[in-house]
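**Q** quick one: sequence plus predicted model below, questions after.
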Amino acid sequence: MKIPCWRYYLGFYRGRFRGLSLSLLLSVMHSLLLIPITLLIRYLFDTVLPQEDISGLVVIGLAIVLLSILSEGMTLWARYLSLNTTKLVIRDMRDALLHKCFQFSHAYLNEVDLGRLQTVIVQDTQRLDVMSNALVIAFLPGLVNILVLGAVLLYLNPNL
């Protein structure tokens with residue numbers, strides 16, 4: 001693993017940790033909203049359905065739908081914040097690479113294949129964009145969900 005490369009890459013995230021932190025907080029809230037949904041479902045099957053309580057069924061059904069909508073709204077907001085952050089990082093990285101290209105000497109620019117240089121810059125930053133999206137939008141929130149729900153499971157039943 002090349003530590004200087006990761007430092008360079010993570011340096012573009014300076015000043016953008018607020019959006020990422022809010023995104024991770026929303027992921028935690030999303031995970032925590034799953035708990036009342038599961039408790040309502042358990043109550044529905046254990047109490048409401050055996051008593052054939054239609055009004056209770058409707059109320060619990062609406063509560064589950066509203067909590068699910070709220071949970072998914074938080075997920076969309078978290079993804080928006082994460083995607084916005086990664087796109088700004090890639091934009092800044094492309095700007096930095098472009099400024100670096102402006103610093104090349106005229107002799108170097110006459111010798112190098114400019115089409116290949118442009119292709120390398122565009123394709124490498126595109127790959128970084130895909131990797132950033134996978135890391136920030138999928139991996140980190142998934143890791144947070146695993147940790148939060150794992151802690152809840154350990155709290156509910158340590159023998160698990």
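**A** Looks like it arrived, so ask away. Numbering: from 1, shown residues only.
**Q** got the contact list for stretch 11-31?
**A** Contacts with stretch 11-31, where a contact means Cβ atoms under 8 Å, 6 or more residues apart in numbering, come from 71, 74-75, 77-79, 81-82, 84-85, 88-89, 92-93, 96, 136, 140-141, 144-145, 148-149, 152. In short, each C-beta sits where N, CA and C put it, glycine included.
**Q** weed out the non-buried ones from the residues you listed.
**A** 71, 74-75, 78-79, 81-82, 85, 89, 92-93, 136, 140-141, 144-145, 148 (16 or more other Cβ atoms under 10 Å).
**Q** so which of these belong to helices?
**A** Among these, the residues falling in helices (DSSP state H) are 71, 74-75, 78-79, 81-82, 85, 89, 92-93, 140-141, 144-145, 148.
**Q** tell me if I'm right that Ile41 and Leu67 touch.
**A** No - between Ile41 and Leu67 there is no contact under Cβ atoms under 8 Å: 10.6 Å.
**Q** more crowded one of the two?
**A** Leu67 (16 against 12; other Cβ atoms under 10 Å).
**Q** quick one: distance of the host helix or strand of Thr119 to the chain centre.
**A** Assigned by DSSP states H and E, Thr119 belongs to helix 114-133. Here helix 114-133 is found 22 Å from its chain centre; the criterion is Cα atoms, centre = their mean, to the nearest Å.
**Q** just checking, what packs against it?
**A** Applying 3 or more Cβ pairs under 8 Å, 6 or more residues apart in numbering; DSSP states H and E, one finds that helix 114-133 contacts helix 54-102.
**Q** so which elements touch the helix it packs on?
**A** Secondary elements touching helix 54-102 (3+ Cβ pairs under 8 Å, 6+ apart): helix 17-43, helix 114-133, helix 140-156.
**Q** all good on my end, thank you.
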